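Participant: Got a sequence here, can you build the structure:
(chains A, B, C and D)
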Number of protein chains: 2
Amino acid sequence: MTDGTISAADIGHGPLYKRVKSLLTQSLADGEWKPNEAIPSESRLAERFDVSIGTVRKAIDELTAERILVRQQGRGTFVAAHTQNRFLYHFYHVVDEDGIKRFPTPELLQFRRTRAEPHVATRLGIEKGARVIHVRNLLRIEGAPVEVNDIYLDAEVFEGLDRDTFSNRPGTIYQLYQERFRLNIIRTMEQLRAVAIGEAEAPLLQLEQNAPVLQVARVAYTYHSQPVEYRCSLVNTTHHVYQSDQEVRG
Amino acid sequence: MTDGTISAADIGHGPLYKRVKSLLTQSLADGEWKPNEAIPSESRLAERFDVSIGTVRKAIDELTAERILVRQQGRGTFVAAHTQNRFLYHFYHVVDEDGIKRFPTPELLQFRRTRAEPHVATRLGIEKGARVIHVRNLLRIEGAPVEVNDIYLDAEVFEGLDRDTFSNRPGTIYQLYQERFRLNIIRTMEQLRAVAIGEAEAPLLQLEQNAPVLQVARVAYTYHSQPVEYRCSLVNTTHHVYQSDQEVRG
DNA sequence: AAGTGGTCTAGACCACCAT
DNA sequence: TGGTGGTCTAGACCACTTA
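Facilitator: This is a model prediction of the structure:
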């Protein structure tokens, strides 16, 4: 290294393309390129990291497979942004009985600041009793209420978030996280069980008390598997189902 | 083409590697290479299809991403076979409250031949009233009954399958499909809802009648998205959850 | 026309496994 | 030691977008 460039070969270990990938991920986490922006072209990145273009391509291949980047032939490679369609496709699994996925309309029921109970703290990776924001939403599909969700956010991370921002937003919640707080959700983990609905929630979903509903506990992660949101939902599966596909590609 | 080789360039359209991929998939579907067998080396396949080794690699890359093939450095590339671990990892989503996945022990409750009801026929892509095999199993985890499942199979496809074969098998059900019927399950689609358990099933899961249980309706597919099995399960989620991960790679 | 990603090739070398 | 997959390179050409 006699010139001023940073070579990917100089740092870390393992395959070169993995090192390039982690340099790219780091730049993304640092906000060097923002959602919907193009990253530099493959040839520029090859120069910057002092590797061949094929090696850059292999790193980008993996990042696109993880849906962190999106390629567009002739235009460039872009940082994946949360759109309604992306949300629907990757993070929303409720479909109606015909198998059709429709975009739900949210209604803000509650916005408050509180302290993290143990199960919330565990999932968010914060201290028990730490300040959190709790939001409750009702989701309707074609007018019918199908889901209540309770969202928990680390108040330190989401400093300044208020009720108005939440209720008057144009797109999805993950778009809000991205645009206001630079937190790009790239992965979720969900745990499902069947429970009897309580008296507080039953009327919201127009169900009898103790009716069976699907409980979905979701943790959403950003880069480096850092938890960002914990969400616990109750879904009325009388006329809707939760759909899960395994290995669809090809 | 003056010699006797078959060139991938001679048939179909689109990228070469996609054509190579579909030639490979066809050979797999035809049973040219059986589960656990090695397919020819990349250089041999390159000769056979008259393409460069890089093009073969790209085709195999996609097939390994879909978990249809498995590479082993220094040994070769193998047709993915169903093993207990693969089943656990890709097709079984029930974990206990600590998040630990344990292998369930099946007990055969019923094995009978019947006619396909409409919802079964639809999912299996066969005629209503066609002959089907219906199997009911009880799954226990560490002794506790957690899941009842009703499996429906096209009797024409599973010609000769009998109760004994089903109950005295060593591995998973998908291993049985693979070894006896050459049907390799490579993809599943599941639909989940919460339902009240009926009086017939409640005692099996040691629950009160009308207790909420998770209903999982799964269709399992082989190559070319051909449906092979329809399975409807009821899961006691009192001490277990259904876990779903999105985008884990990297 | 210039720039981007997409495909395909050919060859080198490495890491790993069997013998 | 020879064969396998794994990585990396360099270059050619194609398809698509933008100006």
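Participant: And the pLDDT for A:Thr83?
Facilitator: With respect to pLDDT, A:Thr83 scores 87.
Participant: my read: it touches A:Gly171, true?
Facilitator: Yes. In terms of Cβ atoms under 8 Å, A:Thr83 counts as a neighbour of A:Gly171; the distance is 7.2 Å. Quick note: C-beta positions are derived from backbone N, CA and C, even for glycine.
Participant: which stretches of chain A have low pLDDT?
Facilitator: For chain A, applying pLDDT under 70 flags the ranges A:1-12, A:246-250.
Participant: domains for it, by residue range?
Facilitator: Following the assignment in automatic domain parsing, chain A carries domains at A:8-79, A:84-241.
Participant: got those domains as CSV, with mean neighbour count columns?
Facilitator: Supplementary listing: the domains of chain A in CSV, determined by neighbours: other Cβ atoms under 10 Å in any protein chain shown:
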stretch, mean neighbour count
domain A:8-79, 16
domain A:84-241, 17
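Participant: Mind checking those domains for the one nearest to DNA strand C?
Facilitator: DNA strand C lies closest, by Cβ to the nearest atom of the strand, to one member of these: domain A:8-79, at 3.3 Å.
Participant: quick one, what contacts the residue nearest to A:Ser41 when sequence neighbours are not counted?
Facilitator: Spatial nearest neighbour of A:Ser41, excluding adjacent residues (Cβ to Cβ, 6 or more residues apart in numbering or on different chains): A:Gly76 at 6.5 Å. By Cβ atoms under 8 Å, 6 or more residues apart in numbering or on different chains, A:Gly76 lies in contact with A:38-39, A:41.
Participant: picking that back up, mind putting the domains of chain A in a markdown table, distance to DNA strand C included?
Facilitator: Converted to a markdown table, those look like this (distance: least, Cβ to the nearest atom of the strand, whole Å):
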| stretch | distance to DNA strand C |
| --- | --- |
| domain A:8-79 | 3 |
| domain A:84-241 | 17 |
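Participant: any chance of the ones you listed in CSV, plus distance to B:Val216?
Facilitator: Output for the domains of chain A, formatted as CSV (distance: least, Cβ to Cβ, whole Å):
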stretch, distance to B:Val216
domain A:8-79, 26
domain A:84-241, 9
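Participant: which stretch among those domains comes nearest B:Cys232?
Facilitator: domain A:84-241 (12.3 Å; Cβ to Cβ).
Participant: centre of the chain versus that closest one, how much separation?
Facilitator: Distance, stretch centre to chain centre, for domain A:84-241: 11 Å (Cα atoms, centre = their mean, to the nearest Å).
Participant: so, in contact with chain B or not, it?
Facilitator: Yes. Using Cβ under 8 Å from any Cβ of the partner chain, domain A:84-241 reaches chain B at A:90-91, A:93, A:95, A:186-196, A:211-215, A:217, A:235, A:237, A:240-241.
Participant: Quick check: end-to-end length of that domain?
Facilitator: 20 Å (Cα to Cα, to the nearest Å).
Participant: and what of stretch A:116-130?
Facilitator: With Cα to Cα, one end of stretch A:116-130 sits 5 Å from the other.
Participant: Which residues does it contact?
Facilitator: Here stretch A:116-130 has contacts from A:115, A:131-132, A:152-156, A:217, A:219, A:226-227, A:229-230, using Cβ under 8 Å, 6+ apart.
Participant: Among those residues, list the two that are farthest apart in space.
Facilitator: The distance between the two most remote of those (Cβ to Cβ) is 22.1 Å, for A:Glu156 and A:Ala217.
Participant: just curious, which of the contacts of A:Gly76 is nearest to chain B?
Facilitator: Taking Cβ to the nearest Cβ as the measure, chain B lies nearest A:Ile39 of these, at 16.8 Å.
Participant: which residue is nearest the centroid of chain A?
Facilitator: Nearest to the mean C-alpha position of chain A, counting by Cα atoms, centre = their mean, stands A:Ile185 at 2.9 Å.
Participant: ok, now how distant is that residue from A:Thr83?
Facilitator: Noted for A:Ile185: a distance of 12 Å to A:Thr83, by Cβ to Cβ, to the nearest Å.
Participant: Same check on A:Val135?
Facilitator: Applying Cβ to Cβ to A:Val135 and A:Thr83 gives a distance of 21 Å.
Participant: in what helix or strand does A:Lys18 lie?
Facilitator: For A:Lys18, the host element (DSSP states H and E) is helix A:16-29.
Participant: what does A:Leu139 give?
Facilitator: strand A:131-141.
Participant: same deal with A:Arg44?
Facilitator: Going by DSSP H and E, A:Arg44 is in helix A:42-49.
Participant: Quick one: list the elements packing against that helix.
Facilitator: helix A:16-29, helix A:53-65 (3 or more Cβ pairs under 8 Å, 6 or more residues apart in numbering or on different chains; DSSP states H and E).
Participant: A:His205 is in contact with A:Ile197, isn't it?
Facilitator: One correction, residue A:205 is Leu, not His. Yes. At 6.8 Å, A:Leu205 counts as touching A:Ile197 under the criterion of Cβ under 8 Å.
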